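Student: I would like to see how this sequence folds:
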Amino acid sequence: MEHVRRLLDTLVGMDTTSRRSNLELIGFVESLLDDHGVASERVFSPDGTKANLLARIGPDVEGGVVLTGHTDCVPVDGQPWTREPFAVSEESGRLYGRGVTDMKGFLAVVLAALPELCATDLERPVLLALTYDEELGTIGAPSAVERLAAAYPAPSAVIVGEPTSMCVVTAHKGVRAFTTSVEGLDGHSSQPQVAANAVAAVARIGAFIADLADRHGREVRDDRFDPPFTTFNLATISGGQAINIVPRRAELTWEYRPVPADDSDALLAEVERFTREEVLPQLRRDTGVGDVTFVSDATARALAAEEDGIAEQLVRSLTGDTTPARTVPFGTDGGHFQAAGWSTVVCGPGDIAQAHQPDEWIEIDQLAACVRFVDALIEHLAR
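Tutor: Numbering: from 1, shown residues only. Next up, the predicted model:
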């Protein structure tokens, strides 16, 4: 556990808040892998400021296991921390610091296992996949999965190390987030017929989304989740300049979190259809001016439960978890790996209730349980 603690100190000490680059952390992990003779490669973000990191430990054969986790963490701004967030402190069997639970604790355990992994004669490989910007909507995962599929042997299972108290999670909701912008035409409020009111258009779109939310809450249900339906959130709305000006511009940010059975693309298509057929004609009626754009801010695929899934069977055999399969309401990178055709579950140390919180903490016992899990996985892959 001392090696895990030292690595966790180093990882937490690197501020990888999503608004910052993660390349310092990626370089650190690269150097660890180099020290053990393990080749790795970066898959960069489009602007080159962030990267995923991929590596294979063991033979170049199919049937291995992907261990994956994200490198970014959420900000601490405005939170009432009582200790330094980017340094690990210990108290009463807990380790405190930003990201210790979500999810640098898991990364530290996996990296601490490198000496054993590299010294063991594995029959099937461990594939490491460290991703960027999961907290912003699983932005890095698709390119990591694409590269894994193109250049690495197909795995039999993927384990996403998000905090689940080392219990097996087989399904979670997805996340789709958007910014909808309306451009109209401003004018004097006494002459609305020579203007195009952007705020009115945004209000109609928002009302339609609210009605859509109510309908899906009644029509598409999955009782494994709490709440047991796709949720919608109208998050922010802005626009207008003064009470006597017809507003030219308005903006709405909104999201939905679909249960796996719901058609995520179809939900967006309904909103776009209503906008195209109802909102735009009204906006342009008097002046011929007006436009609406939808920008996707985040996409996290839902994770669907697999019947007799290989990943679930594997993790249960290694952890001894015999409780009924769990679902969680939060999203992970897991849906992207599953979409590539790989059996996927979520299982990692810590409690999600501590994630994103001030004085974020993880129990040392949870890290110890994860160490035992990784040791058992190595033994399994060596057989």
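Student: Next one: Val74 from Met103, what distance?
Tutor: Taking CB to CB, to the nearest Å as the measure, Val74 falls 11 Å from Met103. From N, CA and C alone the C-beta is placed, and that goes for glycine too.
Student: Tell me which of the two has more neighbours.
Tutor: A direct count of neighbours by other CB atoms under 10 Å for Val74 and Met103 places Met103 higher, at 27 against 18.
Student: need the helices for the stretch 101-250 of the chain, in chain order.
Tutor: Ranges of helices within the stretch 101-250 of the chain are 105-112, 114-119, 141-151, 198-219, based on DSSP state H, counting those that start in this stretch.
Student: pLDDT on the first one, on average?
Tutor: Taken as a whole, helix 105-112 carries a mean pLDDT of 98.
Student: picking up where we left off before, just name the most buried of the helices of the stretch 101-250 of the chain.
Tutor: Most buried of the helices of the stretch 101-250 of the chain, by mean neighbour count (mean count of other CB atoms under 10 Å): helix 105-112, with a mean of 27.
Student: follow-up on the earlier one: so for Ala376, which of the helices of the stretch 101-250 of the chain sits nearest?
Tutor: Distance to Ala376, taken as CB to CB, is lowest for helix 114-119 among the helices of the stretch 101-250 of the chain, at 11.6 Å.
Student: elements contacting the closest one?
Tutor: Using 3 or more CB pairs under 8 Å, 6 or more residues apart in numbering; DSSP states H and E, the elements in contact with helix 114-119 are strand 51-57, helix 364-382.
Student: Pick the most deeply packed of these.
Tutor: Among these, strand 51-57 has the highest mean neighbour count (mean count of other CB under 10 Å), at a mean of 23.
Student: mind checking pLDDT for Leu234?
Tutor: Looking at Leu234, its pLDDT stands at 97.
Student: who's in contact with it?
Tutor: The contact partners of Leu234, taken as CB atoms under 8 Å, 6 or more residues apart in numbering, are 206, 209-210, 252, 254.
Student: would you list those in a markdown table and tack on distance to Ser296 and pLDDT?
Tutor: Shown next, in a markdown table, are those (distance: CB to CB, whole Å; pLDDT from 0 to 100):
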| residue | distance to Ser296 | pLDDT |
| --- | --- | --- |
| Gly206 | 18 | 98 |
| Ile209 | 15 | 97 |
| Ala210 | 20 | 96 |
| Leu252 | 14 | 98 |
| Trp254 | 12 | 98 |
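Student: Which members of those residues define the maximum pairwise distance?
Tutor: Using CB to CB, the two most remote members of the contacts of Leu234 are Ala210 and Leu252, lying 11.4 Å apart.
Student: looking at it, Thr322 is touching Glu312, isn't it?
Tutor: No: the pair Thr322 / Glu312 is not scored as a contact, 11.8 Å apart, by CB atoms under 8 Å.
Student: Looking at these two, which one has more neighbours?
Tutor: Glu312 (22 against 7).
Student: right, and the more buried one touches Glu306 too?
Tutor: Yes: taking CB under 8 Å as the definition, Glu312 is a contact partner of Glu306 at 6.7 Å.
Student: Mind listing the shared neighbours of those two?
Tutor: Shared contacts of Glu312 and Glu306, defined by CB under 8 Å, 6+ apart, comprise 170, 343.
Student: Contact partners for the nearest residue to Ile139 once chain neighbours are set aside?
Tutor: Of all residues not flanking Ile139 in the chain, Asp133 sits nearest, at 3.8 Å (CB to CB, 6 or more residues apart in numbering). Contacts were defined as CB under 8 Å, 6+ apart; by that measure Asp133 touches 18, 45, 50, 70, 72, 139-140.
Student: what's the closest of those residues to Glu146?
Tutor: The closest of the contacts of Asp133 to Glu146 turns out to be Gly140 (CB to CB; 10.9 Å).
Student: check contacts around that closest one.
Tutor: Counting by CB under 8 Å, 6+ apart, Gly140 has contacts 43, 45, 50-52, 70, 131-134, 333.
Student: go on, Val346?
Tutor: Applying CB under 8 Å, 6+ apart, one finds that Val346 lies in contact with 159-162, 164, 168-170, 172, 303, 328, 332, 334.
Student: now with 6 Å?
Tutor: By CB atoms under 6 Å, 6 or more residues apart in numbering, the residues touching Val346 are 160, 162, 164, 169, 332, 334.
Student: list the contacts for the first one?
Tutor: With contacts defined as CB under 6 Å, 6+ apart, the neighbours of Val160 are 68, 332-334, 346.
Student: Let's see if you can find the most crowded of those.
Tutor: Within these, Thr68 tops the neighbour count with 33 neighbours, counted by other CB under 10 Å.
Student: Packing partners of the strand or helix carrying it?
Tutor: Here Thr68 sits within strand 65-70, counting by DSSP states H and E. In terms of contacts (3 or more CB pairs under 6 Å, 6 or more residues apart in numbering; DSSP states H and E), strand 65-70 is packed against helix 105-112, strand 126-131, strand 157-160.
Student: Having no further points to raise, I will conclude here.
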